[in-house]
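Asker: Model the following, please.
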Amino acid sequence: MTHRNAPLTPEGRLRLVLRCQHRPIAHIAAEAGVSRQCLGKWVARYREHGEAGLLDRSSAPARRPTQTPVEVVEQIAAMRKNKWSARRIVRELTANDISISVATVTRWLHKLGLHRLDHLDVDGEPLRKPGTITAHWPGHMIHIDVKKVGRIPDGGGWRIHGVDSDQARAAARATAKAKTRGARPGYVYLHSAVDGFSRLAYTEALEDETAKTAIGFLFRARAWFAAHGIRRFTRIVTDNGSCYRAKDFTRAVCSFAARHQRTRPYTPRHNGKIERYNRILAEEFLYARTWTSEDERANALERWNLHYNYHRPHGAADGQPPATLVPIRVNNVLASYS
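Answerer: Here you go, the predicted structure:
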């Protein structure tokens, strides 16, 4: 198949071939910007096959001795329709004295369109229906996560002064110097907790993401939710971060909640409510304006958290702020967000 940037199509080749009937091939090839050998090949094909000889031909070799036989491919398709895995298909073929690898079977399943489970069901219904994670009351599921963001040096960072500015280089030197002492001053850890039913959120900017820090945040978040009428906690949902895998954190969760649930590894959609909140936090607060210092941003975080909970419309609350769905509705109107 001719790619979209090809200078000559079959129609263009035909024009060149017809011009070669009255002029030398070398002259026409030089004018068209192709080699004499290429144009001579087109002329020879036109004389032998006519216009059909100018069409693109497959570059596949005429003989492929290592290709999987058609009979084996048909057996793979038939076994797959029995909902067998690639490894089981290999075992069955090996038992029939057919040597084939799992990678080859998997590749043929992709070519045949049988690599997904929902392609196998006879009536077209998916074999595994996607489940929904739904909280049925306030406190049913509390989602917790940590977002690591860069610390802003005093006077502003590179977003204000530029990447090659003196302020940016000074901040980089200070970060490198601190790392030699074993410290990690370059980051701030935003610990957040979101109620899955109301989307009410609580966020703190802390120095690290150790288990001790996460436990302290957990109990402060519990007191904050209790002030809004959420006092019964059924499930605390986290990812598999090191601070959440700690036994002390699990014991702290089980001291007031019924269950500590960790999501499947590398599956952030299972903790999607807090991941979506982190995106809102980044788009509407962290990178919505420039900051001149870390203290300025930390002080503004509390005001933005009030705005998110009590004033910002949320789709999960039918266009109302999250605070309208909690048992105790707090009237916390701010005169100014500046």
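
Asker: Residue ranges of each domain in this structure, please.
Answerer: 10-54, 70-119, 141-151+186-325 (automatic domain parsing).

Asker: confidence score at Trp304?
Answerer: Trp304 carries a pLDDT score of 92 in this model.

Asker: Save the domains of the chain as JSON lines, and put in distance to Arg64 and mean neighbour count too.
Answerer: Using the backbone N, CA and C atoms, a C-beta is placed for each residue, glycine as well. JSON lines is the format used below for these (distance: least, C-beta to C-beta, whole Å; neighbours: other C-beta atoms under 10 Å):
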{"stretch": "domain 10-54", "distance to Arg64": "24", "mean neighbour count": "14"}
{"stretch": "domain 70-119", "distance to Arg64": "12", "mean neighbour count": "14"}
{"stretch": "domain 141-151+186-325", "distance to Arg64": "38", "mean neighbour count": "17"}
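
Asker: between those domains, which gets nearest to Pro61?
Answerer: domain 70-119 (16.9 Å; C-beta to C-beta).

Asker: low-scoring stretches of the stretch 151-300 of the chain, by residue?
Answerer: For the stretch 151-300 of the chain, residues meeting the criterion pLDDT under 70 lie at 156-163, 167-168, 171-172, 174-185.

Asker: give me that answer again for 90
Answerer: 151-187, 207-208, 264-272, 283, 286-296 (pLDDT under 90).

Asker: That one: strands as residue ranges?
Answerer: 187-195, 201-206, 233-238, 257-262 (DSSP state E, counting those that start in this stretch).

Asker: out of the ones you listed, which comes closest to Thr290?
Answerer: Of all the strands of the stretch 151-300 of the chain, strand 187-195 sits nearest to Thr290, with 16.1 Å by C-beta to C-beta.

Asker: between the domains of the chain, which one is nearest to Ile133?
Answerer: By C-beta to C-beta (comparing all of these), the closest turns out to be domain 141-151+186-325, at 6.8 Å.

Asker: Adding distance to Lys111, write the strands of the stretch 151-300 of the chain out as a markdown table.
Answerer: Below are those laid out as a markdown table (distance: least, C-beta to C-beta, whole Å):
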| stretch | distance to Lys111 |
| --- | --- |
| strand 187-195 | 44 |
| strand 201-206 | 47 |
| strand 233-238 | 40 |
| strand 257-262 | 38 |
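
Asker: between the ones you listed, which one is nearest to Val90?
Answerer: strand 257-262 (33.9 Å).

Asker: coming back round to it: so which of the strands of the stretch 151-300 of the chain comes closest to Val34?
Answerer: Using C-beta to C-beta, those put strand 187-195 closest to Val34, at 58.0 Å.

Asker: Parallel or antiparallel, which strands does the closest one pair with?
Answerer: Using DSSP bridges, strand 187-195 pairs in its sheet with strand 141-150 (antiparallel), strand 201-206 (antiparallel).

Asker: Let's have the ones you listed in JSON lines, adding distance to Val70.
Answerer: Compiled in JSON lines, these are given as follows (distance: least, C-beta to C-beta, whole Å):
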{"stretch": "strand 141-150", "distance to Val70": "52"}
{"stretch": "strand 201-206", "distance to Val70": "59"}
